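Undergrad: just to be clear, the model below is a prediction. Sequence and coordinates:
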Amino acid sequence: MGLRTCGDCNSPVSTSAKACPKCGAKPPKTGIGCSGVLAVLAGLLLLNSILNGTDTTHGAAAPQKPTNKHREPFHKSNTTKEDQIILALDKLGQKIAAKSEKGAIKYFKSHRVTTTQSPAYKSVFITTHPALMSLSDAAKNPESKMKNLARTAAWQTNFCSEEMQQLINTNNLWVVSGDLTDDKGETQSLALCSR
């Protein structure tokens with residue numbers, strides 16, 4: 001049992017005490033601790049392997065395939081610049097999805113989201129993989145919040161590739177978002193790539 005100094009009155013307080021005996025101040029929260037940091041790092045490694053197609057599941061069931069019945073193949077001989085951008089985003093989206101472990105991420109579609117002079121596009125991906133789902137208790141649980149931030153950072157890195165940046169710069173796009181959703185259409189992670 002050690003001693004610490006009270007942050008309010010500077011009196012010595014036992015590290016096991018729930019409050020300062022002199023002024024009643026509670027000790028400051030210490031954060032997520034070493035186990036939390038290790039859990040976040042392990043989660044990052046798992047997420048990175050899933051996004052980049054490295055098998056770490058050791059026999060886990062593959063995620064279900066989302067239906068693409070709303071996606072029609074594009075067949076047009078006279079394509080506009082916008083059509084060409086959508087086609088390029090489709091190709092890049094399929095490439096990103098193909099890199100995921102055992103099809104953990106499926107590409108769904110891309111579309112323009114602005115009608116202004118500053119073009120913005122959104123690419124939608126679907127996943128049912130548990131390691132890619134955001135944790136619902138993140139508002140109250142610092143460890144879950146850190147895991148969600150790590151998952152979003154890994155998605156951002158994988159979505160905003162050099163090829164995506166080149167597409168954005170070449171076509172003078174304002175922003176392209178990568179919306180990683182569950183099979184109900186709820187966003188799990190969102191990546192934003194811009195000039």
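TA: Noted; the coordinates are in hand.
Undergrad: ok, Glu174 - contacts?
TA: Just so we're on the same page, residue 174 is Trp rather than Glu. Thr114, Ser118, Pro119, Ala120, Ser194, Arg195 (C-beta atoms under 8 Å, 6 or more residues apart in numbering). Where you see a C-beta, it was placed from the backbone N, CA and C, and this is true even at glycine.
Undergrad: most neighbours among those residues, which one?
TA: In terms of neighbours by other C-beta atoms under 10 Å, those top out with Pro119 at 19 neighbours.
Undergrad: check contacts around that one.
TA: Glu82, Ile85, Arg112, Asn171, Asn172, Leu173, Trp174.
Undergrad: change it to 10 Å
TA: Lys81, Glu82, Ile85, Arg112, Val113, Ile168, Asn171, Asn172, Leu173, Trp174, Val175, Val176 (C-beta atoms under 10 Å, 6 or more residues apart in numbering).
Undergrad: Thr115: how many residues sit nearby?
TA: Neighbours around Thr115, by other C-beta under 10 Å: 7.
Undergrad: quick one: which of the contacts of Pro119 sit in helices?
TA: Among those, the members falling in helices (DSSP state H) are Lys81, Glu82, Ile85, Ile168.
Undergrad: how about the helices of this protein, start to end?
TA: Going by DSSP H, the chain shows helices at 33-52, 81-98, 142-159, 162-170.
Undergrad: averaged pLDDT, the third one. What do you get?
TA: Spelled out, that is helix 142-159. For helix 142-159, the mean pLDDT works out to 95.
Undergrad: show the pLDDT at the residue nearest to Arg112 when sequence neighbours are not counted.
TA: Closest residue to Arg112 in three dimensions, ignoring its sequence neighbours and counting by C-beta to C-beta, 6 or more residues apart in numbering: Tyr121, at 5.4 Å. Per-residue confidence (pLDDT) for Tyr121: 96.
Undergrad: show me what contacts Tyr121?
TA: 82, 85-86, 88-89, 110-114, 167-168, 171, 173-178, 193.
Undergrad: show me which of those residues are buried.
TA: By neighbour count, with 16 or more other C-beta atoms under 10 Å, these hold 85-86, 88-89, 110, 167-168, 171, 173, 175-178, 193 as buried.
Undergrad: circling back: what is the nearest of the contacts of Pro119 to Gly24?
TA: Nearest to Gly24 among the contacts of Pro119, counting by C-beta to C-beta, is Val175 at 50.7 Å.
Undergrad: what is that closest one paired to in the beta sheet?
TA: Beta bridges link Val175 to Ala120, Ser194, judged by DSSP bridges.
Undergrad: quick check: it touching Ser123?
TA: No - between Val175 and Ser123 there is no contact under C-beta atoms under 10 Å: 11.3 Å.
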